[in-house]
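> mind folding the following:
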Amino acid sequence: MANKLPDHLLIDFYKQMLLSRRLEERVGQLYAQQKFSGFCHLYIGQEAVAVGCLNAIRKGQDYVISGYRDHVMPIILGMEPGAMVAELLGKVTGCVRGKGGSMHMFSKKERFLGGHGIVGGQVPLATGVGWKIKYKKEDLVVLCYLGDAAINQGQFHEALNMAAIWDLPCIFIIENNLYGMGTAISRTASIKNLADRAKAYNMRQAVVDGRNVINTYNQMSEIIEETRKTSKPILIECMTYRFRGHSVSDPGHYRTKDEVEMERARDCLVILGEELLSRGALKEDDIEKIEEQIAEQVEAAVNFAEESEEPPLHELYDHVLVAE
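Model prediction:
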């Protein structure tokens, strides 16, 4: 905790993290109720990574791109929660008019360039965005989120090599939640510290405590400004943990109950909540009130989505091909 952040900022972080958590829990319920189907990857447990990183950028100016665990990020960037839930339910009021679904959230306004369903598929796209920034001499950066298992994909290596050769302002963030689908990353990666892959490209690297939003924000603020100034890429490994399975269909039997309980003691929400209580920035009653406010916000988002209309049939073939 290099910089002592003001209480009001940490309270805002707590609200963002709690909203993200409760939204994802509600999304899991909607899936169980068969309100939507297909793939669905929840972000529960990893909220400090998104909140810490995305509050350190220039929202609406810098670019963000991610994989398929993508529900939370556009909300933190400013999207209305109802637009995210409506997208899941395939409604016309969704952020992509119900056509993107769980894995393909997108927002031009927030400069969120999507979740992407292909493992590692977003990494070369981020490198392309970095090239655009440099070509137009813009004072911007692009954040690219990827899962730990994506580092073994060929396009990851090709894209990082290009970013390093061309000195592009790309910030590649590995969210290391310790498992790629149902296999421990320790069984699939040849190195212990995933950020060490940067050495092959003569690229900067960093490891971030992604369970502590204060540490994440402080460290990422420095990294982002250095990247903006030098226009050189960096590979970051954010250490985190997901409490649910890889997707909603994954029971997670490959993990022991003791492991999950140990990680729950290091829950990012618990860490920040205890910090706020110890500072006197919040009292137990305040946290209960925030919980009530968030619950109302989540239910309003769900009601908005359920009451929204489905896209008209004539839109079925719209946005499929680009006319020259």
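> any idea how many residues pack against the nearest residue to Thr127 once chain neighbours are set aside?
Of all residues not flanking Thr127 in the chain, Ala159 sits nearest, at 4.3 Å (CB to CB, 6 or more residues apart in numbering). For the C-beta atoms, the positions are set from N, CA and C on the backbone; glycine is no exception. For Ala159, the count of nearby residues is 26 (other CB atoms under 10 Å).
> where's Ala159, which helix or strand?
Using DSSP states H and E, Ala159 sits within helix 154-165.
> quick one, what contacts the nearest residue to Ser231 once chain neighbours are set aside?
Leaving aside its sequence neighbours, Ser231 sits nearest to Pro169 (CB to CB, 6+ apart; 4.8 Å). Applying CB atoms under 8 Å, 6 or more residues apart in numbering, we find Pro169 in contact with 130, 133-134, 140-142, 227-228, 231-233.
> can you rerun that using 10 Å?
Residues near Pro169 by CB atoms under 10 Å, 6 or more residues apart in numbering: 62-63, 129-131, 133-134, 138-142, 163, 224, 227-234.
> quick revisit: gap between the next helix or strand after the helix holding Ala159 and the chain center?
Note on helix 154-165: by DSSP H and E, the next helix or strand toward the C-terminus is strand 170-176. For strand 170-176, the separation from the chain centroid amounts to 10 Å (computed by CA atoms, centre = their mean, to the nearest Å).
> same deal with stretch 249-266?
Worked out by CA atoms, centre = their mean, stretch 249-266 lies 21 Å from the chain centre.
> only C-alpha atoms, please: export that stretch in CSV.
Presented in CSV, the C-alpha positions along stretch 249-266 are these (Å, rounded to 0.1, in the frame of the first residue of the first chain):
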residue,chain,number,x,y,z
SER,A,249,-21.5,-26.0,-16.0
ASP,A,250,-18.3,-26.8,-14.1
PRO,A,251,-18.8,-28.2,-10.6
GLY,A,252,-15.1,-27.7,-9.8
HIS,A,253,-14.5,-31.1,-8.4
TYR,A,254,-10.8,-30.8,-9.2
ARG,A,255,-10.3,-28.4,-6.2
THR,A,256,-10.4,-29.4,-2.6
LYS,A,257,-12.8,-27.8,-0.1
ASP,A,258,-9.9,-26.8,2.0
GLU,A,259,-8.3,-24.9,-0.9
VAL,A,260,-11.5,-23.0,-1.7
GLU,A,261,-12.1,-22.1,2.0
MET,A,262,-8.5,-20.9,2.4
GLU,A,263,-9.0,-18.6,-0.7
ARG,A,264,-12.3,-17.3,0.7
ALA,A,265,-10.4,-16.1,3.7
ARG,A,266,-8.5,-13.9,1.2
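> what mean pLDDT does it have?
Stretch 249-266 carries an average pLDDT of 91.
> distance of Leu269 from Lys35?
Per CB to CB, to the nearest Å, Leu269 is found 26 Å from Lys35.
> weed out the non-buried ones from the contacts of Pro169.
When the contacts of Pro169 are checked for burial by 16 or more other CB atoms under 10 Å, the buried set is 62-63, 129-131, 133-134, 140-142, 163, 224, 227-228, 231-234.
> which ones among these lie within helices?
Mapping these onto helices (DSSP state H) picks out 129-131, 133-134, 163, 224, 227-228.
> arrange these in JSON lines, one row each, with pLDDT as further columns.
Output for these, formatted as JSON lines (pLDDT from 0 to 100):
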{"residue": "Val129", "pLDDT": "98"}
{"residue": "Gly130", "pLDDT": "98"}
{"residue": "Trp131", "pLDDT": "98"}
{"residue": "Ile133", "pLDDT": "98"}
{"residue": "Lys134", "pLDDT": "97"}
{"residue": "Ala163", "pLDDT": "98"}
{"residue": "Ile224", "pLDDT": "98"}
{"residue": "Thr227", "pLDDT": "98"}
{"residue": "Arg228", "pLDDT": "97"}
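> show me the two of those residues that sit farthest apart.
Trp131 and Ile224 (18.5 Å; CB to CB).
> per-residue pLDDT of Glu324, please?
67.
> wait, the residue nearest to Thr127 sits on Val123?
Yes - when contacts are counted by CB atoms under 10 Å, Ala159 is listed as touching Val123 (4.4 Å).
> what do those two both touch?
Contacts common to Ala159 and Val123, judged by CB under 10 Å, 6+ apart, are 144, 153, 170, 172.
> most neighbours, which of those?
Result: Cys170 is most packed of the shared contacts of Ala159 and Val123 (other CB under 10 Å), 33 neighbours.
> and it, how close does it get to Arg111?
Cys170 is 14 Å from Arg111, by CB to CB.
> and the nearest residue to Leu88 once chain neighbours are set aside, how many neighbours?
Among residues not flanking Leu88 along the chain, Phe36 sits closest, at 5.1 Å (CB to CB, 6+ apart). A count of nearby residues for Phe36, using other CB under 10 Å, gives 19.
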